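Visitor: A predicted structure for the sequence below; I have some questions about it.
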Amino acid sequence: MTLSLIDTHAHLDSPLHRLDPRAKIGACFLALLAVASAPRGAIAGYWAYYAILGVLLLLSRVPLRYFASRCLLASPFVVMAAALPLLAAPGPASLPVSASLLLRAFAAVLLLALLTATCRFHHLLWGLRRLRAPEVLTTVTGLMVRYIDLLVEEWQRAERARESRLCGPPRSGTVRLHARQVALVFLRSWERADRVYAAMLARGFSGEMPLWGRRVFRGTDAFYVAAVAGAFATVRWTQGL
């Protein structure tokens, strides 16, 4: 269930979906580096950043409402962070700083949303491993996402068991009842996770999920990285130091 929510649009066929995961990760990282290093309070070049992002979003063929929903989810945190300069030093001088923080954060959200929308989750982990990311980090992340489904399923089982033994909502001892339910879910999920991991080891699990098909870094992948990095670097260079 969790992977199906993460990979909602990863099944689409677009020029970006067909790229190597390493190319998409590298291009996203370099673009984030350019946006994050923009001078504080400089908002003149952000229209160019968003123009490049608009082209990439159209090439991905992912519905724009998906990216709008991701920006909406991040908006409370982004707005609070952008409001801090205004609260610390009220005045016209703080407006460009807050605006640059706002534009920078939403650009980063769109870049990360584009990456996750055009690449399956296990392909991202594979690409991170090939780019020499810590193996412990990628393994723990992969297992964590997969075990979320296990926790949700155990909680639903406990909910059904509780509702079958009660006629309506509990009238007293609600806190104690839910505390016991949390403890029960913890113990059940722990035991089941041990069984799942033992089954994975019995089937040859070595810390890396198998990826069907052989991937070769092609010329189009290198061109994508160079084009995205070059475009963002050009905009960043025009902003100055």
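Guide: In hand now; what should we look at?
Visitor: Quickly list the domain ranges of this structure.
Guide: 2-130+214-239, 135-202 (automatic domain parsing).
Visitor: Pipe the ones you listed into TSV and attach mean neighbour count and mean pLDDT per row.
Guide: Heads up, the C-betas are built off the backbone N, CA and C, glycines and all. Output for those, formatted as TSV (neighbours: other CB atoms under 10 Å; pLDDT from 0 to 100):
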stretch	mean neighbour count	mean pLDDT
domain 2-130+214-239	16	90
domain 135-202	13	80
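Visitor: Not counting its own residues, what contacts the one helix or strand residue 52 maps to?
Guide: In the assignment (DSSP states H and E), residue 52 maps to helix 46-60. Applying CB atoms under 8 Å, 6 or more residues apart in numbering, the contact partners of helix 46-60 are 9, 12, 14-17, 35, 38, 64, 67, 100, 103-104, 107, 110-111, 114, 117-118, 228, 231-232, 235, 238.
Visitor: got the angle between the next helix or strand after it and helix 46-60?
Guide: Next in sequence after helix 46-60, counting helices and strands by DSSP H and E, comes helix 64-88. Orientation of helix 64-88 against helix 46-60 (axes from the mean of the first three to the mean of the last three CA atoms, to 10 degrees) gives an angle of 160 degrees.
Visitor: what comes into contact with helix 64-88?
Guide: Residues outside helix 64-88 that contact it (CB under 8 Å, 6+ apart) are 8-9, 57, 94-95, 97-99, 101-102, 105-106, 109-110, 113-114, 117.
Visitor: how close does the residue nearest to residue 30 when sequence neighbours are not counted get to residue 237?
Guide: In space, and not counting its chain neighbours, residue 30 is closest to residue 229: 4.1 Å by CB to CB, 6 or more residues apart in numbering. For residue 229, the distance to residue 237 equals 12 Å [CB to CB, to the nearest Å].
Visitor: and if you look at residue 33?
Guide: When CB to CB is the yardstick, residue 33 and residue 237 sit 13 Å from each other.
Visitor: For residue 166, which three-state class applies?
Guide: Secondary structure, DSSP: H, G, I helix; E, B strand; the rest coil: residue 166 is coil.
Visitor: What of residue 19?
Guide: Criterion first, three-state DSSP; result for residue 19: coil.
Visitor: so it sits right up against residue 224, yeah?
Guide: Yes: counting by CB atoms under 8 Å, residue 19 does reach residue 224; the two are 5.6 Å apart.
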